[in-house]
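Chemist: model the structure of this input:
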Amino acid sequence: MIDTIVLILSPNMYQITTPDKFTPSARWVLNKTYSHGIQSKQNPTKKELIQGIYKPRLTLSQQVSPLGHTEAMLKIELSLPKLVFGNNFEELHYKDFEQVNHKLVITLETMGVIVSPTDLAVSPISAIHYSKNIPLVDGSIPYHYINKIKETNVQQSLDVNQTDYRNEGHSFKWHCNSYEIIFYDKIRDLEKAKISSKRSLEKDGTLQLKLIDLFKKRKRFEVLRMEVRLNKRQKLKQLFQKLDIKAELTFKKLFKPAIAKKVLLHYLNELESKRPALLDYKVANDKTLLVALIVNNPNLSPRRLLTLYGLRKALETTTARELRVMLNNKPIPSKLLADANQLNLPELHRPFKAIRLQLIKFKPLKLL
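Modeler: A predicted model of the protein is given here:
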């Protein structure tokens with residue numbers, strides 16, 4: 001479902017009743033004479049988060065509106081599950097929109113900002129994070145899946161300019177100019193937040209620390225989290241056009257599990273297509289592998305079969321990204337990767353199957 005959203009409100013959609021709750025005072029931004037380059041902010045404090053009080057992050061600044069006028073625009077950034085549940089382990093339903101909208105109106109009022117429910121519902125979204133918490137109750141752990149995901153040759157399919165494998169292998173992130181894809185161990189990340197908020201992938205992780213005692217009692221329950229963070233409005237438009245999603249980029253119109261599901265499955269498909277299925281064929285020894293390749297793929301030439309056999313052996317000792325560096329940053333040929341994904345092999349184990357099933361079901365996680 002949706003986790004984090006960034007809403008942008010123009011002056012006709014909000015009223016600031018207590019400008020001095022902002023730092024510096026919102027009076028500076030609202031007065032165009034003195035507002036150049038000034039941003040007034042209001043964020044939840046650490047004390048409030050410890051007390052279980054969650055508020056959005058507000059930024060008021062003079063910006064060029066869609067109509068070309070310079071106006072005092074209000075940016076509202078928040079995690080919707082944290083607003084409702086006080087955590088984002090639990091997930092929202094489509095039917096929860098009115099409750100979420102009402103709660104946000106009330107919370108903004110306590111921050112000295114008046115917004116009508118109607119205006120809030122149609123407010124434009126400039127960024128959105130779609131996510132799914134995937135419970136693992138079969139004894140498996142997120143670390144296993146993250147290591148499989150790390151083997152993905154993602155640079156060949158996504159416009160990736162940075163990868164981040166951190167927290168001793170308990171998270172993996174692809175960072176692009178306009179979006180990010182992240183898989184991480186949700187409970188482990190919460191434990192990191194207890195040590196220091198800077199070690200956590202989550203913002204405002206302090207809010208959820210009360211859950212640590214609950215998870216200490218767990219048996220065979222882990223949570224793998226997948227997030228797709230679409231951080232630019234233009235990226236949203238491009239992606240929706242590609243996926244044939246016809247929806248206005250407003251709060252209410254994007255609050256739909258069907259859209260979240262489609263986006264997450266799209267990127268899972270992208271990742272899985274760039275991870276050679278050849279890696280997932282389990283054999284007792286090298287000779288068995290070679291025989292299986294020859295017997296089950298009679299249409300492939302001996303040269304191609306031996307090349308694929310060599311690819312499998314290379315990827316057993318290094319990742320696709322590391323292999324590319326060894327080859328002087330030359331990419332693995334896309335045709336070779338396609339062949340490695342289309343091989344006919346018996347009883348091929350697909351490591352992303354559990355993730356895919358959870359995304360297809362798309363059942364919101366509840367802790368209690």
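
Chemist: which residues of the stretch 201-350 of the chain fall in strands?
Modeler: Residue ranges of the strands in the stretch 201-350 of the chain, as given by DSSP state E, counting those that start in this stretch, are 222-230.

Chemist: which residues in it form helices?
Modeler: Here the stretch 201-350 of the chain has its helices, by DSSP state H, counting those that start in this stretch, at 212-216, 233-242, 251-254, 257-273, 286-296, 302-317, 320-326, 334-342.

Chemist: show me which residues of the second one are buried.
Modeler: Going back to what we said before, that points to helix 233-242. Buried positions in helix 233-242, judged by neighbour count with 16 or more other Cβ atoms under 10 Å: 233, 235, 236, 239, 240. C-beta here means a position set from N, CA and C on the backbone, and glycine is covered the same way.

Chemist: which one's the longest strand in this protein?
Modeler: Criterion DSSP state E: the longest strand present in the chain is strand 125-136.

Chemist: which strands or helices does that one pack on?
Modeler: In terms of contacts (3 or more Cβ pairs under 8 Å, 6 or more residues apart in numbering; DSSP states H and E), strand 125-136 is packed against strand 2-9, strand 222-230, helix 233-242, helix 251-254, helix 257-273, helix 353-361.

Chemist: I would like the residues contacting the shortest one, please.
Modeler: In this case it means helix 251-254. Contacting residues not belonging to helix 251-254 are listed as 2, 5, 7, 97, 101, 120, 121, 122, 123, 125, 128, 247 [Cβ atoms under 8 Å, 6 or more residues apart in numbering].

Chemist: between those residues, which sits nearest residue 324?
Modeler: residue 128 (31.7 Å; Cβ to Cβ).

Chemist: where does the stretch 51-200 of the chain dip in pLDDT?
Modeler: For the stretch 51-200 of the chain, the stretches with pLDDT under 70 are 65-67, 153-169, 197-199.

Chemist: tell me where it has helices.
Modeler: Taking DSSP H, counting those that start in this stretch to define them, one finds helices in the stretch 51-200 of the chain at 80-85, 97-110, 117-121, 142-150, 186-195.

Chemist: got the CA coordinates for the first one in PDB?
Modeler: Output in PDB follows, covering the C-alpha atoms of helix 80-85 (Å, rounded to 0.1, in the frame of the first residue of the first chain):
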ATOM      1  CA  LEU A  80       0.300   7.400   6.400                       C
ATOM      2  CA  PRO A  81       0.500   4.100   8.500                       C
ATOM      3  CA  LYS A  82       2.500   5.900  11.200                       C
ATOM      4  CA  LEU A  83      -0.200   8.600  11.300                       C
ATOM      5  CA  VAL A  84      -2.900   6.000  11.900                       C
ATOM      6  CA  PHE A  85      -1.200   3.100  13.700                       C
END
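
Chemist: what's the neighbour count on the residue lying closest to residue 86 once chain neighbours are set aside?
Modeler: Sequence neighbours aside, residue 52 is the residue nearest to residue 86 in space, at 5.5 Å (criterion: Cβ to Cβ, 6 or more residues apart in numbering). When neighbours are counted by other Cβ atoms under 10 Å, residue 52 registers 13.

Chemist: just to revisit the earlier point, which one of the helices of the stretch 51-200 of the chain lies nearest to residue 357?
Modeler: Closest to residue 357 of the helices of the stretch 51-200 of the chain, according to Cβ to Cβ: helix 142-150, at 12.7 Å.

Chemist: which elements pack onto the closest one?
Modeler: Counting by 3+ Cβ pairs under 8 Å, 6+ apart, helix 142-150 packs on strand 171-175, strand 179-185, strand 222-230.

Chemist: okay if I get those strands as a markdown table plus distance to residue 109 and mean neighbour count?
Modeler: What follows is the helices and strands packed on helix 142-150, written out as a markdown table (distance: least, Cβ to Cβ, whole Å; neighbours: other Cβ atoms under 10 Å):
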| stretch | distance to residue 109 | mean neighbour count |
| --- | --- | --- |
| strand 171-175 | 36 | 20 |
| strand 179-185 | 32 | 22 |
| strand 222-230 | 28 | 22 |
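
Chemist: appreciated, that's everything.
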